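S.K.: attaching a predicted model along with its sequence, questions to come.
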Amino acid sequence: QVQLVESGGGLVQAGGSLRLSCAWSGRIDSAYGMGWYRQAPGKEREVVAIISWRPGFPYYANSVKGRFTISKDNVKNTVYLQMNSLKPEDTAVYHCAADPSFQTIRRGTSTPAYWGQGTQVTVSS
């Protein structure tokens, strides 16, 4: 069983930065993918960024490429999402997610096996 706890959301002005953290507990093996989804009111859930436990490049949604960076610290059992140059359209509840399949969580067509409680990010114009 994997548990995920997010932190770091808040209110920021457009152009500003925030860093989200996702602390995990439980066993994660090399096939896993972990990352961030977001959902804004009235919009569909969107995959934001996913990182793999295997060597390779992280996945980013086109809407955040060049502005967001996902990383992980295996000592602290934490995945981070550094969000720079934030825009009002980035406003959403951000959820940390994990799944035993990197491809499954990257596609975002099914609910990941493990899901955090979410943290609100609000970007004012």
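M.R.: Ah, there it is.
S.K.: going by C-alpha atoms from here, please, whenever you check contacts or count neighbours.
M.R.: Will do.
S.K.: where does the residue nearest the centre of the chain fall, phi/psi-wise?
M.R.: What sits nearest the mean C-alpha location of the chain, by CA atoms, centre = their mean, is residue 36, with 1.7 Å. Backbone geometry at residue 36, expressed as degrees, to the nearest 10, gives phi -130, psi 140.
S.K.: beta partners of it?
M.R.: Note on residue 36: beta-bridge partners residue 49, residue 96, judged by DSSP bridges.
S.K.: check the gap between it and residue 125 for me.
M.R.: From residue 36 over to residue 125 the distance is 23 Å, taken as CA to CA, to the nearest Å.
S.K.: residue 29 in helix, strand or coil?
M.R.: Three-state call for residue 29 (DSSP: H, G, I helix; E, B strand; the rest coil): coil.
S.K.: my guess is it contacts residue 52. True?
M.R.: No: using CA atoms under 8 Å, residue 29 makes no contact with residue 52, being 10.0 Å away.
S.K.: which strand residues bridge residue 83?
M.R.: Residue 83 has the following beta-bridge partners by DSSP bridges: residue 18, residue 68.
S.K.: for it, grab the count of nearby residues.
M.R.: 20 (other CA atoms under 10 Å).
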